[in-house]
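Asker: Below is the sequence, then the predicted model.
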Amino acid sequence: MKSHICYFLITLLFIGCKEKSTQKTAKNKEIKVVENRIKINPIEHATAILEWNNLTIYIDPVGDLDKFKTFSKPDLILITDIHGDHFSLNTLKQLDTEKAKIIVPQAVADRMPEEFTPQIDVLNNGESKERYGIKVEAIPMYNLREEALKFHTKSRGNGYILNIDGERIYFSGDTEDISEMRALRNVDKAFICMNLPYTMTVENAADAVLEFQPKQVYPYHYRGRPDVSDVMKFKELINNSNSKIKVTQLDWYPNDEY
């Protein structure tokens, strides 16, 4: 009888330990998901900061240091083009970029002093590079309209796709609805520009998005000259044709009403 009781108690103890271990594993998995979540921070216009897994990624950092003071030092910097709303040598010199790798097109590299040379990775359209476990793909960006060809010539600048933790995140840079954008596939998050006269209309931006069908789209870079693009119209055009694409509006102009 005593042997049966001992066996019963030992069995209960084993089950209890197993259940405790399972709960611990589930809890650890939940914590890991929180730690690895990609956080997207709009800064202004074309500038954004992504945070993931203790890494900080700066996209087109421009402007004064106050915009970046609450964020960690960059581990990775992506610059799309030579224009002042995407590339600021003054900003780069003021930021603490000592540990950062800087991915740029050749046209930007040509404008950077030698002190940055050890940090620079030059990517041409169609090329890719992996840094810190993130694969970065260089996507073409350029104008199509005859009157806009002077703004962004083909092969000069890069849009980028970042492959992070199973997600593909696309930043268009300055571009129109080019065939290379329309041919994109399996994009989870897409940041799409829309400002005249420099990039494309709201209608063209929406039409391109409807073709490559990202899961989620963020209108950004929508202040033009002199008008500000109608991002609500962009959202309507998308959702009237495909309600599965989530349109997310972030505050890209914190000092303005729009």
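Answerer: Sure, I can see it.
Asker: need the strands for this structure, in chain order.
Answerer: Per DSSP state E, the chain carries strands over the ranges 39-44, 47-52, 55-59, 76-78, 101-104, 120-122, 128-131, 134-141, 157-164, 167-171, 189-192, 216-219, 246-247.
Asker: show me the contacts for Asp177.
Answerer: By Cβ atoms under 8 Å, 6 or more residues apart in numbering, Asp177 lies in contact with Leu144, Met200, Asn204, Ala205, Asp207, Ala208. Where C-beta positions appear, they are placed from N, C-alpha and C, glycine not excepted.
Asker: Could you find the closest non-adjacent residue to it?
Answerer: Closest residue to Asp177 apart from its sequence neighbours, by Cβ to Cβ, 6 or more residues apart in numbering: Ala208 at 3.7 Å.
Asker: Pretty sure that neighbour sits against Glu180.
Answerer: No: here Ala208 lies out of contact with Glu180, judged by Cβ atoms under 8 Å, at a distance of 10.2 Å.
Asker: who's more crowded, the two?
Answerer: A count of neighbours by other Cβ atoms under 10 Å puts Ala208 above the other of Ala208 and Glu180, at 22 against 16.
Asker: Roughly how far does that one sit from Glu147?
Answerer: Distance, Ala208 to Glu147, using Cβ to Cβ, to the nearest Å: 19 Å.
Asker: same check, this time on Ser155
Answerer: 20 Å.
Asker: Any idea how far apart the tips of stretch 41-50 sit?
Answerer: 6 Å (Cα to Cα, to the nearest Å).
Asker: What are the buried residues along that stretch?
Answerer: In terms of neighbour count (16 or more other Cβ atoms under 10 Å), stretch 41-50 has its buried residues at Asn41, Pro42, Ile43, Glu44, His45, Ala46, Thr47, Ala48, Ile49, Leu50.
Asker: quick one on the thing from earlier: filter the contacts of Asp177 down to just the buried residues.
Answerer: For those, buried by 16+ other Cβ under 10 Å: Met200, Ala205, Asp207, Ala208.
Asker: what two of those residues have the greatest distance between them?
Answerer: Spatial extent of those (Cβ to Cβ) is set by the pair Met200 and Asp207 at 9.4 Å.
Asker: List the contacts of the residue nearest to Leu250 when sequence neighbours are not counted.
Answerer: The spatially closest residue to Leu250, leaving aside those adjacent along the chain, is Pro42, at 4.2 Å (Cβ to Cβ, 6+ apart). Listed by Cβ under 8 Å, 6+ apart, the contact partners of Pro42 are Ala48, Tyr220, Leu250, Asp251, Trp252.
Asker: Fine, thanks again, bye for now.
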